[in-house]
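Undergrad: requesting a structural model of the entry that follows:
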Amino acid sequence: MRTISPLQQARSKYEPKLPCALRGHVKAISGEATQSVDNQEEIKKLFPNTYGLPVIRFEESDAPVASEPLNVGVILSGGQAPGGHNVIAGIFDGIKNIHKDSRLYGFLMGPAGLINHKYMEITPELMDEYRNTGGFDIIGSGRDKLENKDQFDKGLIILRELGIKALVIIGGDDSNTNACILAEYYKAINAGVQVIGCPKTIDGDLKNEQIETSFGFDTATKVYSEVIGNIQRDANSARKYWHFIKLMGRSASHIALECALQTQPNVCIISEEVEAKGQSLDDIVTYIAQVVANRAADGNNFGTVLIPEGLIEFVPAMNKLIAELNDLLAHEAEDFGKLDKDGQRSFVIEKLSAENSKVFESLPEDVARQLTLDRDPHGNVQVSLIETEKLLAEMVKNKLAEWKKEGKYTGKFGFQRHFFGYEGRCAAPSNFDADYCYSLGFNAAELIASGVTGYMSSIRNTTRPAAEWIAGGIPITMMMNMERRHGEMKPVIRKALVELDGKPFKTFAQYRDKWARETSFIYPGPIQYFGPSEVCDQTTQTLRLEQE
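TA: You can find the predicted model right below:
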C-alpha cells in the first residue's frame, strides 16, 4: 500500500460537482452547422467526413436511453496539467453510468502507447487511488505525434483487439489537431472508432467561445502566483534585489498576465503587446531599466519582473530569425548535426539571409546557441531552454551601467533569476479544476454515447456554480486553420493569444504604471481546498473578466 500525505487522504474524499445536465438521463440537442475559423475551403477539403458538424448541447431528459457496454481508450498527450486524473475519473464514472459493464483502457506514456500496443485496464481500485490528485502518473504522458497512416493502422489493431469503440485524447492544441486527423481517418475507412478530445494546457491558449478555459490553467497560475507572492514579500523584506521571473507560456502570455493580475508586480511583459508595437529587445530593456531607475529615485532598489516563456518569438526581428531557422534546420538538420559548436554557428550565419544573419551574430553566444537546439516534435524552437530572464537581466544591468556613467541613474542594481515551469504542472487540482476536469471527462462519455466523432468536450458558463455549467461538444474542425509547420502548410487548431482589446489585458494596462512605481504587491498564498467559498472556489481573474 502506497503511503500518501494527509492532504491526499482528505482530498480523496472530495466529490467533484457536475452540471445538472449530466446528473441523470441525458439527451443531445444539435445546433447549427459550423465552419473553421479560417481557410474554410482548405480545411473542408482535408476533413470531408468531420467538417461542418453541429455544436451539441446536453440537456436533462426524463427518458432513459437504451445502452450497451462501452469499451473506451484514453490517452494523455503532451505536458502535464493539474486535473488530468479527474478527467479520466469522469470518463470512467461516465461510461460506468451508461452501462455498469463498460471498460476503460489507458494507453501508456502518451500516443506511443497506442502505436506500440502498451496499455492497462483502469480498474475501480486503481481509479480511486488517483481521484483529485495532480500529475499524469496513472498512465503517463508523451509527446509523440499521431500523424501518419501507419500509426493510425497500428493503433487500430489494438483498438479492435480490445473491442474499443471510442478513444479520448486529452491534450492541447497540437494533440487535439492530431485527434481530429485521427477521427477523420477512422471515419473515412469506417473503422467504427470514435475520437473525442479534451482541452488541456496550463498555457491557457486553447480556448474560444465554446471552450472557455483549458484545464490546469486555474491551478497552475495559483501555484505560480503563490511563489511570486513569496518572492515579492522577500524582496520587500530584504530590499536589495530585482527578481526576473520567467513563467511558462510558449505561444501566449496568459499565464504571465493572470499572475500579474493576482500579484501586482512592478513589471510584466506581454509578448502579444511587444509584437503589436513592433518592439525590439532594446525597447523592452529600456522600459524595464526606466522602471528600475524610477523606483531607485524613490529609494526602492528592489522589485519583480514577470516574463512569458515565449517572449523571444514575439520580438519581430527575433521572430523572423526563428522562422528562418526553423525552415533551415528542418531541411538541413543532417548536415548541421555533423558539425561542432563553432561549425554550427558558422553554418547558420552563412545560410541565413543577410538581415537574419546580422541579428543572429548580435546575440550573446549562449542565447544564439539555445536558438539552434533540437526542435520539439511539432517543429518549434524549445523556448523553455532559452534563458530570456538571464538575457533581460544582464541587458538591464548593462543599460543601467551606461546611465550611471551619464548621471541618469544613481541606484544599486542586484538581480536574481527564476523560471517557474514544472512547479505548477502537477499540483493537486484546485476545486475549480477538480470539478471542471471531472465534468469534461463525464461529458466526453456522453459524447461517446451520442455516437459523434471528431468532437471536443466542452463545459461552459464556468464562472457560475457547477450545477449551472453548460455541457456539450464542438467539432474540432471548427477551431482549425492552416499554418506553416516544418516548412509546410498544415491544418492546426488556432492558438488563442492574449487579446489586447480584451478585459484582462485592459485591466492590467489600467494599473501597471501605478504598480511599476509603487510597491503594490499582493501575496495570494497557497491554494486552499477547505474553507469558505470566497477562499476556495474563486476562478482565475482572466476567466472572471472575460465572462463578466
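
Undergrad: what's near enough to touch I88?
TA: For I88, the contacting residues are V74, L76, L104, G106, I122, M127, Y130, I138, I139, I170, G441, by Cβ atoms under 8 Å, 6 or more residues apart in numbering. (Each C-beta comes from the backbone N, C-alpha and C, glycine too.)

Undergrad: oh sorry, the question was meant for V26
TA: Shown in contact with V26 (Cβ under 8 Å, 6+ apart): F58, E59, E60, S61, V65, E446, A449.

Undergrad: buried among these? Make that a ChimeraX selection.
TA: Written as a ChimeraX command, the selection of buried residues from those, which uses 16 or more other Cβ atoms under 10 Å, is:
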select :58,446,449
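
Undergrad: can you list the weak-confidence ranges in the stretch 1-150 of the chain?
TA: 1 (pLDDT under 70).

Undergrad: per-residue confidence at L391?
TA: The predicted local distance difference test score for L391 is 89.

Undergrad: could you export stretch 296-306 as CSV, CA atoms only?
TA: The C-alpha atoms that make up stretch 296-306 are tabulated as CSV, following Å, rounded to 0.1, in the frame of the first residue of the first chain:
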residue,chain,number,x,y,z
ALA,A,296,15.6,53.8,-7.3
ALA,A,297,14.8,57.5,-7.2
ASP,A,298,12.3,56.8,-4.5
GLY,A,299,14.8,54.7,-2.6
ASN,A,300,13.4,51.3,-3.7
ASN,A,301,16.2,49.2,-5.2
PHE,A,302,14.1,46.1,-5.5
GLY,A,303,11.1,44.7,-7.4
THR,A,304,9.8,42.0,-9.6
VAL,A,305,9.6,41.5,-13.4
LEU,A,306,7.4,38.8,-15.0
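
Undergrad: buried ones in it, by neighbour count?
TA: When neighbours are counted by 16+ other Cβ under 10 Å, the buried residues of stretch 296-306 are found to be A296, N300, N301, F302, G303, T304, V305, L306.

Undergrad: ok, and what's touching that stretch?
TA: Contact partners of stretch 296-306, identified using Cβ under 8 Å, 6+ apart, comprise 228, 231-232, 235-236, 238-245, 247, 256, 259-260, 263, 265-269, 288, 291-292, 295, 392, 409-414, 517, 519, 521.

Undergrad: looking at those residues, which are in strands?
TA: The members of these that map onto strands under DSSP state E are W242, H243, F244, I245, L247, V267, C268.

Undergrad: just the element for the nearest residue to the fourth one once chain neighbours are set aside, please.
TA: Here the nearest residue to I245 in space, its sequence neighbours aside, is H418; by Cβ to Cβ, 6 or more residues apart in numbering that works out to 4.6 Å. With elements taken from DSSP states H and E, the one containing H418 is strand 415-420.

Undergrad: need the contact partners of the lowest-mean-pLDDT helix or strand in the chain.
TA: Among the helical and strand segments of the chain, the one scoring lowest on mean pLDDT, DSSP states H and E is helix 365-371, with a mean of 83. Contacts made with helix 365-371 from outside it, assessed by Cβ under 8 Å, 6+ apart, are listed as 321-322, 325, 341, 345, 360-361, 363, 381, 385-387, 391.

Undergrad: and the longest helix belonging to the chain, which residues are buried?
TA: Identified as the longest helix of the chain according to DSSP state H is helix 217-238. Within helix 217-238, the residues that count as buried by 16+ other Cβ under 10 Å are 217-229, 231-232, 235.

Undergrad: go on, stretch 185-195?
TA: The neighbour-count check on stretch 185-195 (16+ other Cβ under 10 Å) flags Y185, Y186, K187, A191, V193, Q194, V195 as buried.

Undergrad: what segments of the stretch 251-400 of the chain are strands?
TA: Along the stretch 251-400 of the chain, counting by DSSP state E, counting those that start in this stretch, strands occupy 267-268, 303-308.

Undergrad: save these as CSV, and put in mean pLDDT and distance to V498 too.
TA: Listed next are these as CSV, based on pLDDT from 0 to 100; distance: least, Cβ to Cβ, whole Å:
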stretch, mean pLDDT, distance to V498
strand 267-268, 98, 11
strand 303-308, 98, 9
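
Undergrad: and of the ones you listed, who's closest to N208?
TA: Closest approach to N208 among the strands of the stretch 251-400 of the chain (Cβ to Cβ): strand 303-308, 20.6 Å.

Undergrad: figure out how far that closest one is from the centre of its chain.
TA: Centre-to-centre, strand 303-308 and its host chain are 20 Å apart (Cα atoms, centre = their mean, to the nearest Å).

Undergrad: wait, M480 sits on N178?
TA: No. Taking contacts as Cβ atoms under 8 Å, M480 lies outside contact range of N178: 11.8 Å.

Undergrad: give me the common contacts of those two.
TA: Contacts common to M480 and N178, judged by Cβ under 8 Å, 6+ apart, are absent.

Undergrad: name the residues of the stretch of helix or strand L543 belongs to that come out as buried.
TA: Under DSSP H and E, the secondary-structure element containing L543 is helix 541-547. The neighbour-count criterion (16+ other Cβ under 10 Å) identifies Q541, T542, L543, L545, E546 as the buried residues of helix 541-547.

Undergrad: so who does the first one touch?
TA: With contacts taken as Cβ under 8 Å, 6+ apart, Q541 has the following neighbours: E258, L261, Q262, P504, T507.

Undergrad: what residues does D203 make contact with?
TA: D203 sits in contact with G172, S214, F217, M248, G249, R250, S251, A252, H254, I255, where contact means Cβ under 8 Å, 6+ apart.

Undergrad: element containing it, please.
TA: Assigned by DSSP H and E, D203 belongs to no helix or strand.

Undergrad: determine how far stretch 234-248 lies from the middle of the whole chain.
TA: Shown here is stretch 234-248, whose average C-alpha point lies 25 Å from the average C-alpha point of the whole chain (Cα atoms, centre = their mean).

Undergrad: what mean pLDDT does it have?
TA: In this model, stretch 234-248 has an average pLDDT of 97.

Undergrad: from E15, how far out is N266?
TA: To E15, N266 is 42 Å away according to Cβ to Cβ, to the nearest Å.

Undergrad: these two: who's more crowded?
TA: Neighbours were counted for N266 and for E15 using other Cβ atoms under 10 Å; N266 has more, 27 against 10.

Undergrad: test my guess that the more buried one contacts A293.
TA: No. Counting by Cβ under 8 Å, no contact exists between N266 and A293, whose distance comes to 12.0 Å.

Undergrad: one step back: can you redo the contacts of V26 as a markdown table with distance to Q370?
TA: Written out in a markdown table, the entries for these read as follows (distance: Cβ to Cβ, whole Å):
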| residue | distance to Q370 |
| --- | --- |
| F58 | 47 |
| E59 | 52 |
| E60 | 54 |
| S61 | 55 |
| V65 | 55 |
| E446 | 45 |
| A449 | 48 |
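
Undergrad: for E313, state which of the contacts of Q541 is nearest.
TA: Comparing the contacts of Q541 against E313 with Cβ to Cβ picks out E258 as the nearest, at 19.7 Å.

Undergrad: who's in contact with the closest residue to F413 other than its chain neighbours?
TA: Among residues not flanking F413 along the chain, L400 sits closest, at 5.1 Å (Cβ to Cβ, 6+ apart). By Cβ under 8 Å, 6+ apart, the contact list for L400 reads A289, V292, A293, Y409, G411, F413.

Undergrad: report the contact partners of V65.
TA: Here V65 is in contact with H25, V26, K27, A449 (criterion: Cβ under 8 Å, 6+ apart).

Undergrad: three-state assignment of the second one?
TA: The reference is to V26. Assigned with DSSP: H, G, I helix; E, B strand; the rest coil, V26 falls in the strand class.
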